[in-house]
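Q: Generate coordinates for the sequence data below:
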Amino acid sequence: MSEEKKEVLKQSQELNEEVKAQDEGAVAVTSSESLESAEALQEGKFQEDSNELKKWYVVHTLSGHEQKVKNNLLKRIETMNMKDKIFNVLIPTEEEVEIKNGKKRIVQRKIFPGYVLVEMIMSDDSWYVVRNTAGVTGFVGSGTKPLPLPDEEAKQFLKQSSGEAPRRRLTLKTGDKVRITSGPFVEFYGAIQEVNPEKEKIKVLVSIFGRETPVELDYGQVEKL
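A: This is a model prediction of the structure:
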């Protein structure tokens, strides 16, 4: 075989090996991409399943121990590696404007004293972690089976605890004697005739020119005698 033919044959073999290497590389890339796609799909499916299984449960606590239970449970979730099963612990509260001695202040009021809400995937392990937290007396449910809150009720509790505009709390009732502290009837005295919590209004009977006249006022315009 001539030197020229040998050289041509050598070049042909090198070209074939290069093409083969490129094909193998393409297959490897395709396999890697397929694996990544499969893992992504599996992870997405896991997230979807977790979201479907996550529910809010009501946990009963010792009276006045709601915050201690929350703190203890959060620590147990951390130390017992349960973040993939127990996601949130909530003490249902709402802000209210309290009017006392003519002064306003915002206070936190527990919506359900003696209870906390726990967002979790219920299993033997997650049940054990919550149930054996110091201060917890049990789950709310039927018999020994914890029952999750309906989704609509859970959304309502979350909305109430989301820090929206605080509500006013009135410690007055029909028949109470009050002094009007602001407005055109300031320093008048009278008795509460009607309370309207929805509109945050009250009607007070005051004596004007010797006649008992109902006057509509805001909650913050009176103080109890």
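Q: what's the span of stretch 111-124 from first residue to last?
A: Start-to-end span of stretch 111-124 (Cα to Cα, to the nearest Å) is 29 Å.
Q: make that stretch 215-223, sorry
A: Distance across stretch 215-223, first residue to last, is 15 Å (Cα to Cα).
Q: what do you get for stretch 134-144?
A: Distance between the boundary residues of stretch 134-144 (Cα to Cα) amounts to 19 Å.
Q: List the buried residues of it.
A: For stretch 134-144, the neighbour count (16 or more other Cβ atoms under 10 Å) marks 135-136, 139 as buried. Yep, even glycine has a C-beta here, placed from its N, CA and C like the rest.
Q: What values do phi and psi take at the residue lying closest to residue 85 once chain neighbours are set aside?
A: What sits nearest to residue 85 in space, not counting adjacent residues and going by Cβ to Cβ, 6 or more residues apart in numbering, is residue 126, at 4.2 Å. When read as degrees, to the nearest 10, the backbone of residue 126 gives phi -70, psi -40.
Q: Check which element follows the worst-scoring helix or strand of the chain on mean pLDDT along the chain.
A: Taking mean pLDDT, DSSP states H and E as the measure, the chain has helix 3-53 as its least confident helix or strand, at a mean of 55. Going down the chain from helix 3-53, the next helix or strand is strand 55-61, by DSSP states H and E.
Q: Tell me, how many residues neighbour the residue nearest to residue 85?
A: If you count neighbours by other Cβ atoms under 10 Å, residue 126 ends up with 19.
Q: again, but for residue 115
A: Around residue 115 there are 16 other residues, counting by other Cβ under 10 Å.
Q: ok, back up a step: mind putting the buried residues of stretch 134-144 in TSV, secondary structure, pLDDT and distance to residue 208 included?
A: Listed next are the buried residues of stretch 134-144 as TSV, based on DSSP: H, G, I helix; E, B strand; the rest coil; pLDDT from 0 to 100; distance: Cβ to Cβ, whole Å:
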residue	secondary structure	pLDDT	distance to residue 208
135	coil	95	56
136	strand	95	58
139	strand	94	58
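Q: which of those residues lies closest to residue 109?
A: Within the buried residues of stretch 134-144, the smallest distance to residue 109 is 20.3 Å, found for residue 135 (Cβ to Cβ).
Q: quick one, what contacts the closest one?
A: Contacts for residue 135 (Cβ atoms under 8 Å, 6 or more residues apart in numbering) come out as 61-62, 65, 68-69, 72.
Q: quick one: which of these has the most company?
A: residue 69 (25 neighbours).
Q: Quick check: closest non-adjacent residue to it.
A: Excluding its sequence neighbours, the residue lying closest to residue 69 (Cβ to Cβ, 6+ apart) is residue 135, at 4.2 Å.
Q: how near is the one you found to residue 196?
A: 39 Å (Cβ to Cβ, to the nearest Å).
Q: about what we covered before: pLDDT wise, what is the residue nearest to residue 85 at?
A: The model reports residue 126 with a pLDDT of 94.
Q: Ok, residue 172 next?
A: We have a pLDDT of 74 for residue 172.
Q: Leaving out sequence neighbours, find the closest residue to residue 125.
A: Spatially, and ignoring its direct neighbours in sequence, residue 125 is nearest to residue 85 (6.5 Å; Cβ to Cβ, 6+ apart).
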